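# Provided below are the primary sequence and the corresponding predicted coordinates.
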Amino acid sequence: MSLVDLTSMAEPQTQLKKEINDRLKKLRDELSDYCFQCAKCTSGCEAHKLLELEPHKIVALLKRGLIDEMVNSDVIWTCMSCFKCRERCPQKVAPVEILFALKNLAVATGKQLPGNYTSWLQSVLSIGLLQDVKSVNTKDNKTVTRSDLGLPAVSKPVDPNKFQMMLSKLAVEKV
Ligand code: SF4
Ligand code: SF4
């Protein structure tokens, strides 16, 4: 599976889409009994402060069955997967699980990922890191590297091709 397939699933994945829809239906059936819209999840959400993600509304929209609307919205991609909503919920509801499923559904139905996701994935697939190791500038305007600071070298995949194949396989299995 190529990078293009991983990031956009050029062809809609019918079986995968059905599995994720079943997962969302199960989440909806479980959540409708428990979430009482206290918004404690949203009050602690890191993405809410910066990007206006409101996890309690995600739960409410799921309850109403508005899945397509959420899958087509950019807001689902602002979740940072910090799991605070799951920790804060007094009812043990996990909006983050809904957001994972919605993002997976977006990929399975061939939606284009936001640009940053594609470049991060490209970087992980090619060097095993979100971004390559960089030198930094100190307050007195000197450029220093990790070894200048006494830090160990960052390990990278020994065989990039093998690493890419393994990662692609894992990503498809875990969608
Ligand atoms: S998911 Fe939990 S914290 Fe969020 S509104 Fe529902 S009950 Fe409250
Ligand atoms: S996991 Fe996502 S939705 Fe939940 S608190 Fe963190 S950023 Fe917000």
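Good, I have the coordinates. Ligands and ions are numbered 1, 2, ... in the order given.
# what does this protein put close to ligand 2?
45-47, 53, 55, 79-85, 95-96, 99 (Cβ under 6 Å from any ligand atom). Just so you know, the C-beta spots here come from the backbone N, C-alpha and C atoms, and that holds for glycine as well.
# now, which of those residues lie close to ligand 1?
For ligand 1, the contacts drawn from these by Cβ under 6 Å from any ligand atom are residue 95.
# residue 25: neighbouring residues, count only.
Using other Cβ atoms under 10 Å, residue 25 has 13 other residues around it.
# how about low-confidence regions in the protein?
Applying pLDDT under 70 to the chain flags residues 1-13, 32, 171-175.
# now do 80
1-16, 30-33, 49-51, 115-116, 164, 167-175 (pLDDT under 80).
# need the CA coordinates for the longest helix seen in the chain. PDB is fine.
Taking DSSP state H as the criterion, the chain has its longest helix at helix 14-31. Below are the C-alpha coordinates for helix 14-31, written out as PDB (Å, rounded to 0.1, in the frame of the first residue of the first chain):
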ATOM      1  CA  THR A  14     -16.600  -0.600   1.400                       C
ATOM      2  CA  GLN A  15     -15.900  -3.300   4.000                       C
ATOM      3  CA  LEU A  16     -13.800  -1.000   6.100                       C
ATOM      4  CA  LYS A  17     -16.500   1.600   6.000                       C
ATOM      5  CA  LYS A  18     -19.100  -0.900   7.100                       C
ATOM      6  CA  GLU A  19     -16.900  -2.000  10.100                       C
ATOM      7  CA  ILE A  20     -16.400   1.600  11.200                       C
ATOM      8  CA  ASN A  21     -20.100   2.500  10.800                       C
ATOM      9  CA  ASP A  22     -20.900  -0.600  13.000                       C
ATOM     10  CA  ARG A  23     -18.400   0.700  15.500                       C
ATOM     11  CA  LEU A  24     -20.000   4.200  15.500                       C
ATOM     12  CA  LYS A  25     -23.500   2.600  15.900                       C
ATOM     13  CA  LYS A  26     -22.200   0.700  18.900                       C
ATOM     14  CA  LEU A  27     -20.700   3.800  20.400                       C
ATOM     15  CA  ARG A  28     -24.000   5.700  19.800                       C
ATOM     16  CA  ASP A  29     -26.100   3.000  21.400                       C
ATOM     17  CA  GLU A  30     -23.800   2.800  24.400                       C
ATOM     18  CA  LEU A  31     -23.400   6.600  24.800                       C
END
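# quick check: buried residues in that helix?
For helix 14-31, the neighbour count (16 or more other Cβ atoms under 10 Å) marks 16, 17, 19, 20, 23, 24, 27, 28, 31 as buried.
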